[in-house]
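K.L.:
Sequence first, predicted coordinates after that:
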Amino acid sequence: MPWAGIGKVDRKYDGTNLRVGIVHARWNSEVIEALVNGALDKLKELGVKEHNIIIESVPGSFELPTGVRMLANKVDVVIAIGVLIKGSTMHFEYISEAVSHELMKVQRFMRKPLIFGLLTCLTDEQAQARAGLTSDGHNHGSDWGAAAVEMAVKVEEHPTLW
Ligand SMILES: Nc1c(NC[C@H](O)[C@H](O)[C@H](O)CO)[nH]c(=O)[nH]c1=O
Ligand SMILES: CC(=O)[C@@H](O)COP(=O)(O)O
C-alpha cells in the first residue's frame, strides 16, 4: 500500500508540551497491540513525553466513545483505536456505523481533537496489513500518532475554534 499514510506534512509539529490519551479496544488484540505501539513510537518521535501519555483500554470498539469521554478532561487530544472485522452477522455494520457517528459527536462534545483509529475490515488480512503486520503493510497507528500531534498543535493555535 505505497499510497497509504498521511502524506507530506506542511511543517514540523512538536509534541513536547502535549498530553495525549490513547483509548483502545481489546478485541483483535494482536492487531490492536501493533497499532498502539505504532502510535506510541510516532508520538515519542515527535517529542511527546512518556509521562504525558495516558493509555486506557475498553472491551470492544462499541465502548470506545465512552472510553474517550473518560479521558477527555485529562489530555489535549485523544486517539481512539479499535479493530472491527466482518463476521457472519450484521454486527459489524451496526457497530461500524454507530461508533463512527458517536466518535464524531464526542469530539464536538469534548471540544478537543479526536483521532479516528477505528479499522473496519472485511478480513483478518486487511486488518493485519493496516497494522504493518504483513510484508506489504503499513502501520496506521503511526499515522494516528502524527495526526494527534498535528491536530493538537493546530487546535491550540485556534482557541476560538469550538
Ligand atoms: N466483533 C467485534 C467487537 N465486538 C464487541 C463489541 O465492540 C462490544 O464490546 C460488545 O458488543 C459489548 O458491548 N468489537 C471489536 O472491537 N471488534 C470486533 O470485531
Ligand atoms: C455479538 C458478537 O460479537 C457476535 O455475535 C457477532 O458475530 P459476527 O462477528 O459473526 O457477525
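P.N.:
Happy to help now that I have it. Ligands and ions are numbered 1, 2, ... in the order given.

K.L.:
List the contacts of the helix or strand hosting residue 22.
P.N.:
Using DSSP states H and E, residue 22 falls within strand 20-25. Applying Cβ atoms under 8 Å, 6 or more residues apart in numbering, the external contacts of strand 20-25 come out as 32, 35-36, 39-40, 43, 48, 52-61, 63-64, 67-68, 70-72, 74-83, 117, 148-149, 152. Glycine gets a C-beta too; all of them are placed from N, C-alpha and C.

K.L.:
Likewise for stretch 117-135?
P.N.:
The list of residues contacting stretch 117-135 from outside it, by Cβ under 8 Å, 6+ apart, reads 1, 4, 24, 28, 30-31, 34-35, 38-39, 61, 64, 79-86, 92, 96, 99-100, 103, 136-142, 144.

K.L.:
Just these: which are in strands?
P.N.:
Secondary structure from DSSP state E places 24, 79-85 of the contacts of stretch 117-135 in strands.

K.L.:
how much does the longest helix along the chain deviate in direction from strand 20-25?
P.N.:
Longest helix of the chain, by residue count under DSSP state H: helix 91-110. Here the directions of helix 91-110 and strand 20-25 differ by 160 degrees (axes from the mean of the first three to the mean of the last three Cα atoms, to 10 degrees).

K.L.:
ok, helix 91-110 near ligand 2 or not?
P.N.:
Yes: residues of helix 91-110 contacting ligand 2 under Cβ under 6 Å from any ligand atom: 91-92.

K.L.:
average pLDDT for the helix or strand just after that helix?
P.N.:
Elements were assigned by DSSP H and E; along the chain past helix 91-110, the next helix or strand is strand 114-121. The predicted model assigns strand 114-121 a mean pLDDT of 98.

K.L.:
quick one, strand 114-121 and strand 20-25 angle?
P.N.:
Using the same axes, to 10 degrees, the inter-axis angle of strand 114-121 relative to strand 20-25 is 30 degrees.
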